[in-house]
Every structure is written in C-alpha cells, then in structure tokens.
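Undergrad: please find the sequence and the predicted model below.
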Amino acid sequence: SIPLGYFGGIGAASANGILFKGSNYLDLITKVNTVVLDKTGTLTQGVFKVKEVQGEIPEKEFISYLASIESQSTHPIAKAIVEYSGADNLLKIRNVREIAGHGLAAEINGNEVLAGNGKLLKQFGIAYPNEVDEKVETTVLLAIDGKYAGFVTIADEAKTDAQQAITALHAVGVNKIVMLSGDKTSITQKVATDLGVDEAHGDLLPEDKVAQLEKIKAEPNRVVAFVGDGINDAPVLALSDVGMAMGALGSDVAIETADVVIQNDMPSKIATAIKIGRATKKIVY
Ligand code: ADP
Ligand code: MG
C-alpha cells in the first residue's frame, strides 16, 4: 500500500499546478541532481513575432507562400508567421511533409516549396546568402522549386520566471543544468548565458538531443530530469529518469509521455516540484 504521505505530496503538488503521474516520481525527483531543458516553449515563451522580412520575390507573394506552408504546422514558429500574414491569401497546399528539427516541405501551385532553417535548405542542396546564418535571431528560409526565395527573422522572449527558475534549481542543489535546442547555436548560447544555465547546445535534431541526454546519463551518479514543451521532445522525455512537460503550450504526446506535468508552464515549478518531493519524503519516513 502507498504511504499516506505520498497522497499529501501529490495533493500539495497539484495545488501548485504540478501533476505527478505516480508516487514513485515524487520519490525519484528528490534525487534529481541534473536538469536538462529544451529552450523554445520551456525557458522562452514560445510566442514568436516576425521582425524582419527579406524576400527575393515580391513581398506579398513571398509571405503568401511562406504563410501557406506554415499554416500546416503547429510549431510556435509557424503560428507567428501565419499571424503576421493575416492568414489571408493562403494558397492551396498539397503533399505536406513535416521534417522534424528542420521545417516543412509541400507543393503549392505545382511548385515544390520548402520552409525551415538553413539545415533544411542545405539538405536539399539549395544555396542561400551567408548573412542569413549570421543573424542572431531565429530565421526561417523559403525555397521554391529548388531556389532560395528569402527569409524572415523571428524573435522569442525568455519567460518572466526563467532566470529565477535556474537560480532556484542551483539553490536546491542541482549541480548541472543543460539547455538543448534545435535553434541556432548562437541564440542558444546567448539565452543560456542570460539565464545562468551551466551548459548549452544548439542546432540539434531530435536524435541529437537523445545522444546528448544519453551522454549525460552515462556520467556517474547522475539522476536526470528532462523538461520540455514536447514538440519533437517525446524521445528525450521518455529517456530521462524524470520526464517533465509543460502542460499549457505543450503537445499532447509530451503530456502523455511525461511523468510530471507543469500545468501553467512556469519553469520555476521544477524546483518547487523537487522541494515538494523532499518535504513529502520527510513525512513518509
Ligand atoms: P526547439 O524547440 O529546441 O527549437 P525544434 O525541434 O522544435 O526545437 O525545432 C528546431 C528547429 O527546426 C527550429 O528552431 C526551426 O529552425 C526549425 N523548425 C521546426 N519546425 C519548423 C517550422 N514549422 N517552420 C520553420 N522552421 C521550423
Ligand atoms: Mg521545442
């Protein structure tokens, strides 16, 4: 039988908007000394705004192609682009393929269209100007029929409690905090430095995130929590000792896969969850 204290712990967590999917995780979280986080939607708001538009074709046509293809994706980046376009002039899309960690491919008006990061265009052997990679913002590039057609930059901001969340994790004794992101390395490093994250890696594909997590788990005595919003994060959520998902913005797959769900998406709740676990343990034993 489950000790009564665990029910109290799960209740206390729930009152704080933290959903534990079992008393075993309430116990395991007390041993967490390593926290690995996703950037977009976890430490940042995941609410992007289009800043700069540079089309190689007339701007109206450029935005129309870009927004049309992005209207097929649920990624926060895609939502920003569709919103910016006003969602009018959307063209008929066929044969959409989402390429995880890269972007999208589809047919529009009989043209093969790509929208995504530099890696996506490189994968298809499409050249684009160096200035795009030099932007210290997230960039989305468009290609039509194998030809580069322009880019937009989009910006995201840190969540209001992101810095405090990292401070609180260090304060409860977490001695390694790592940020993993599919976004550009330059942006990933900047966000990590601003927030006080110990280590950061960018330009990662979903499988690269898995490899990074495996490497961390292989270090002696590491008990690892992974925290993500779940878009492309389900494999790392499953691999971690304690998988934590952001519940409001997060994808359904993430919420299913996670052991702990943070309902209001505040990263400061990670340290709160550890504290509640420890307080519960004192009552149980
Ligand atoms: P993260 O949440 O760490 O940014 P993702 O795997 O969700 O990681 O995305 C990685 C990168 O792939 C994004 O930063 C973006 O460059 C690109 N990407 C993913 N989906 C899209 C999309 N729908 N449109 C444009 N780019 C995308
Ligand atoms: Mg993400």
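TA: Looks like it came in fine. Ligands and ions are numbered 1, 2, ... in the order given.
Undergrad: grab the nearest non-local neighbour of residue 227.
TA: Among residues not flanking residue 227 along the chain, residue 244 sits closest, at 4.4 Å (Cβ to Cβ, 6 or more residues apart in numbering). Backbone N, C-alpha and C define where each C-beta goes, glycine included.
Undergrad: over to residue 184?
TA: Closest to residue 184 by Cβ to Cβ, 6+ apart is residue 202, at 5.6 Å.
Undergrad: for ligand 1, see how far away the one you found is.
TA: Taking Cβ to the nearest ligand atom, to the nearest Å as the measure, residue 202 falls 8 Å from ligand 1.
Undergrad: residues of the stretch 151-285 of the chain that sit close to ligand 2?
TA: Taking Cβ under 5 Å from the ion as the measure of proximity, the stretch 151-285 of the chain contacts ligand 2 at residue 231.
Undergrad: which residue sits closest to the residue in the stretch 151-285 of the chain that ligand 1 sits nearest to, ignoring its sequence neighbours?
TA: Here the residue of the stretch 151-285 of the chain nearest ligand 1 is residue 182; by Cβ to the nearest ligand atom that distance is 2.3 Å. Nearest residue to residue 182 in three dimensions, chain neighbours excluded: residue 101, at 4.7 Å (Cβ to Cβ, 6+ apart).
Undergrad: let me see the contact set for the residue nearest in space to the middle of the chain.
TA: For the chain, residue 40 is the residue whose C-alpha lies nearest the centre (Cα atoms, centre = their mean; 3.7 Å). Residue 40 makes contact with 46, 76, 156, 181-183, 229, 231 under the criterion Cβ atoms under 8 Å, 6 or more residues apart in numbering.
Undergrad: which ones among those lie within helices?
TA: residue 76 (DSSP state H).
Undergrad: let me know the closest of the contacts of residue 40 to residue 260.
TA: residue 229 (13.7 Å; Cβ to Cβ).
Undergrad: separation between the closest residue in space to residue 149 that isn't next to it in sequence and ligand 1?
TA: Nearest non-adjacent residue to residue 149, counting by Cβ to Cβ, 6+ apart: residue 142, 4.5 Å away. With the distance defined as Cβ to the nearest ligand atom, residue 142 ends up 10 Å from ligand 1.
Undergrad: with residue 48 instead?
TA: 10 Å.
Undergrad: report how many residues lie close to that residue.
TA: Close neighbours of residue 48, defined as other Cβ atoms under 10 Å, add up to 26.
Undergrad: that one contacts residue 157, correct?
TA: No - if you go by Cβ atoms under 8 Å, residue 48 and residue 157 don't touch, sitting 9.3 Å apart.
Undergrad: tell me the mean pLDDT for whatever helix or strand the residue nearest to residue 227 lives in?
TA: Here residue 244 sits within strand 242-246, counting by DSSP states H and E. Throughout strand 242-246, pLDDT has a mean value of 95.
Undergrad: residues contacting the residue in the stretch 101-250 of the chain positioned nearest to ligand 2?
TA: With Cβ to the ion, the shortest gap between the stretch 101-250 of the chain and ligand 2 falls at residue 231, namely 4.4 Å. Counting by Cβ under 8 Å, 6+ apart, residue 231 makes contact with 40-41, 74-76, 250-251, 254.
Undergrad: can you add pLDDT and secondary structure and give these back as a markdown table?
TA: A markdown table is the format used below for these (pLDDT from 0 to 100; DSSP: H, G, I helix; E, B strand; the rest coil):
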| residue | pLDDT | secondary structure |
| --- | --- | --- |
| 40 | 88 | coil |
| 41 | 88 | coil |
| 74 | 86 | coil |
| 75 | 86 | coil |
| 76 | 85 | helix |
| 250 | 65 | coil |
| 251 | 71 | coil |
| 254 | 77 | helix |
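Undergrad: which one among those gets closest to residue 14?
TA: Lowest distance from residue 14 to these (Cβ to Cβ) belongs to residue 250, with 17.3 Å.
Undergrad: what about the closest residue in space to residue 242 that isn't next to it in sequence, which SS state?
TA: Nearest residue to residue 242, sequence neighbours excluded (Cβ to Cβ, 6+ apart): residue 225, at 4.3 Å. Under DSSP: H, G, I helix; E, B strand; the rest coil, residue 225 falls in the strand class.
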